[in-house]
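Engineer: Quick one, what's the 3D model for this:
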Amino acid sequence: MPRRSALALAAGLGLLSLASCGRGNGAHSSASTTIAPTTAAETWSGSIALAHGADLSVVSCPVAGFCLAGSTSGAAYRLSAGKVAALGTVVPLPSPQGVSYLSCASTSLCAAAPSLNQVTLFNGTSWAPPVTIPGAQGFTAIDCVAPSFCVAIDGEGNAFSFNGSRWSGNLGAWGAANQISCTSPQFCVAAEGGPSVWNGHTWTQPTDVDTQGQLNSVSCANATFCVAVDSNGNALTWNGTAFSAPVRVAIEPPLSGTDSSGLTGVSCPTATFCRAVDSIGRVFAFDGTTWTTGTLIDNGNALTSISCPTARYCAAVDRAGNAFVAGSAPKG
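Structural biologist: Down below sits the predicted model:
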């Protein structure tokens, strides 16, 4: 989602060193995207324990230094100014139907849809009582781009939006989404098997642009630049009109004793800065033209989600309850 993600950095981390090149490749063409050797583009922290053994599936950081993470059991955790806080279970059981059920638009407005038909808001301190959405049938993804706009999609292809005070009726979609990324109330992309685009009124029918894997995550910097990643280690780039053909990013062999790598999350705060994570603990960097090979930051655990609110700050979480950060929050 550009995804706002920000975790407070442990002492000693340096600022991200940015690589800035041209924009991504055009529609249905991968010729301008290349794979470069790994570079020391940033320094990642060691593991920061949010909750020992928790299977964290999502992290959302609206600004550097403030992040919310959620587990597959529906528990939420905050990392702010270097301090970890357990926020409890977001709503009563059942557990979340999808992994990307939590999103923050600001430090005082986050939304979560971990229930079959309930959503709840976080004001920076606590969760409000859940609100039941009539007609919803198992939410799978949500995204908030501003305190006055969130959108959620359920497993039956029903979509609902939030205008700052109430949730709409069914907007219609095309199926369950693994993730949604919005840049305004007039532009969102959902990973619904194939990508589906929201224009402020309707969702387009998902396009079959990726026959090599399942789309796991999508992040949009603006209405003319998005990146989607899949379970086969590929990335697809949106140029404002269409998505490119899949480009293999996780090209190196898997680590010994592991399954092949699948890209599980991506975050693009700008068109020349994206970071993606994979199922064996690696981070991949994109500068608008070139993807680096993976940098292992989490040996032995799968990274599941990443959020970069700016090109100077990123946070990722794993299936063992840990967070990792690169960059630093602004002082003051």
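Engineer: average pLDDT for the helix or strand containing Ser267?
Structural biologist: Here Ser267 sits within strand 263-270, counting by DSSP states H and E. The average pLDDT within strand 263-270 is 97.
Engineer: Please name the strands paired to it in the sheet, noting orientation.
Structural biologist: strand 273-278 (antiparallel) (DSSP bridges).
Engineer: just to revisit the earlier point, put the alpha carbons of the strand holding Ser267 into PDB.
Structural biologist: C-alpha atoms of strand 263-270 as PDB (Å, rounded to 0.1, in the frame of the first residue of the first chain):
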ATOM      1  CA  LEU A 263       7.500 -12.500  -2.800                       C
ATOM      2  CA  THR A 264       5.100 -11.900   0.000                       C
ATOM      3  CA  GLY A 265       5.000  -8.100   0.400                       C
ATOM      4  CA  VAL A 266       5.900  -4.900  -1.400                       C
ATOM      5  CA  SER A 267       5.900  -1.200  -0.500                       C
ATOM      6  CA  CYS A 268       6.600   1.700  -2.900                       C
ATOM      7  CA  PRO A 269       6.500   5.200  -1.400                       C
ATOM      8  CA  THR A 270       7.800   6.700  -4.700                       C
END
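Engineer: what residues are up against the nearest residue to Pro96 once chain neighbours are set aside?
Structural biologist: If the residues on either side of it in the chain are set aside, Pro96 comes closest to Pro114, at 3.8 Å by Cβ to Cβ, 6 or more residues apart in numbering. In short, each C-beta sits where N, CA and C put it, glycine included. With Cβ atoms under 8 Å, 6 or more residues apart in numbering as the criterion, the residues that contact Pro114 are Gly70, Gly74, Val90, Val91, Ser95, Pro96, Gln97, Tyr101, Leu102, Phe139.
Engineer: Pop out the phi and psi values for Pro114.
Structural biologist: phi -90, psi 0 (degrees, to the nearest 10).
Engineer: re earlier: from the contacts of Pro114, list just the buried residues.
Structural biologist: Using 16 or more other Cβ atoms under 10 Å as the burial test, the contacts of Pro114 include Gly70, Gly74, Val90, Val91, Pro96, Gln97, Tyr101, Leu102, Phe139 as buried.
Engineer: Tell me the one of the residues you listed nearest Pro269?
Structural biologist: Leu102 (18.4 Å; Cβ to Cβ).
Engineer: Wait, that closest one touches Leu87, no?
Structural biologist: No: look at Leu102 against Leu87 with Cβ atoms under 8 Å: they stay out of range, at 10.4 Å.
Engineer: Overlap of the contact sets of those two?
Structural biologist: Leu68, Ala76.
Engineer: got the buried residues for stretch 152-162?
Structural biologist: For stretch 152-162, using 16+ other Cβ under 10 Å, the buried residues are Ala152, Ile153, Asp154, Gly155, Gly157, Asn158, Ala159, Phe160, Ser161, Phe162.
Engineer: For the nearest residue to Arg282 once chain neighbours are set aside, give me phi and psi.
Structural biologist: Excluding its sequence neighbours, the residue lying closest to Arg282 (Cβ to Cβ, 6+ apart) is Gly294, at 3.2 Å. According to degrees, to the nearest 10, the main-chain angles of Gly294 amount to phi -70, psi 150.
Engineer: Any chance of CSV for the buried ones among the contacts of Pro114, columns distance to Leu171 and secondary structure?
Structural biologist: Converted to CSV, the buried ones among the contacts of Pro114 look like this (distance: Cβ to Cβ, whole Å; DSSP: H, G, I helix; E, B strand; the rest coil):
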residue, distance to Leu171, secondary structure
Gly70, 24, strand
Gly74, 25, coil
Val90, 23, coil
Val91, 22, coil
Pro96, 21, coil
Gln97, 18, coil
Tyr101, 18, coil
Leu102, 20, strand
Phe139, 13, strand
